[in-house]
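Visitor: Give me a 3D structure for the following:
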Amino acid sequence: MNATTQPRETATLGAGCFWCIEAVLLQVPGVLAVRSGYMGGPGANPSYAEVCTGRSGHAEVVQVEFDPARLAYAELLQWFWRLHDPTTLDRQGNDVGSQYRSAIFTHSTEQQRAAEASRAAAQVDFASPLVTAITPAGPFWPAEA
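Guide: Residues are numbered from 1 along each chain as shown. Below is the predicted model:
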């Protein structure tokens, strides 16, 4: 790695409406970029209209590029738990449907372990059980502009 290359790691999170989550995470020190998109369903190149039906299988997600020297994955997950209600199945506020599910899509075995540990630690902050799914990341489909 040369001096101009910044270390990067990728996290993919589903926590309701992707635009709301994107706006907050862009303000977190160590976050280098955030892209809204879709993940988790079987179809390729889903559109916003398809995902909004709740029948595509895809979740609205944000794909976060971050500098692990400045922001640990576990710290990013702490933001994730605070940004939504991980106890409501397929719902965030007035947004209802499987596309709004709480989900962590992991990109490595290390992220899988860290996400599971983070979920267990976060449970103490909620009276109801967490329904957040933790699954390996699949293809990421960028949302339309």
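Visitor: And the helices in this protein, which stretches?
Guide: Assigned helices in the chain, in chain order: 18-25, 48-52, 73-83, 109-122 (criterion: DSSP state H).
Visitor: Just put these in JSON lines and tack on distance to Phe66 and mean pLDDT.
Guide: Every residue, glycine included, has its C-beta placed from N, CA and C. What follows is the helices of the chain, written out as JSON lines (distance: least, Cβ to Cβ, whole Å; pLDDT from 0 to 100):
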{"stretch": "helix 18-25", "distance to Phe66": "9", "mean pLDDT": "94"}
{"stretch": "helix 48-52", "distance to Phe66": "25", "mean pLDDT": "95"}
{"stretch": "helix 73-83", "distance to Phe66": "6", "mean pLDDT": "97"}
{"stretch": "helix 109-122", "distance to Phe66": "12", "mean pLDDT": "98"}
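Visitor: Make JSON lines from the ones you listed and add distance to Leu130 to it.
Guide: Compiled in JSON lines, these are given as follows (distance: least, Cβ to Cβ, whole Å):
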{"stretch": "helix 18-25", "distance to Leu130": "17"}
{"stretch": "helix 48-52", "distance to Leu130": "23"}
{"stretch": "helix 73-83", "distance to Leu130": "8"}
{"stretch": "helix 109-122", "distance to Leu130": "6"}
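Visitor: residue contacts, Phe18?
Guide: 36-37, 60-62, 143 (Cβ atoms under 8 Å, 6 or more residues apart in numbering).
Visitor: Equivalent analysis for Val31, please.
Guide: 25, 64-66, 71, 76.
Visitor: which residues does it bridge with?
Guide: Under DSSP bridges, the beta-bridge partners of Val31 are Phe66.
Visitor: change the start of the numbering to 18 and stick with it
Guide: That works, and once the first residue is 18, the last one we named lands at Val48.
Visitor: Do you know the pLDDT at it?
Guide: Val48 carries a pLDDT value of 98.
Visitor: State the distance from it to Glu92.
Guide: Counting by Cβ to Cβ, to the nearest Å, the separation of Val48 from Glu92 is 11 Å.
Visitor: Now for the residue nearest to Cys34 when sequence neighbours are not counted, how many residues are close by?
Guide: Spatial nearest neighbour of Cys34, excluding adjacent residues (Cβ to Cβ, 6 or more residues apart in numbering): Asp112 at 5.6 Å. Using other Cβ atoms under 10 Å, Asp112 has 15 neighbouring residues.
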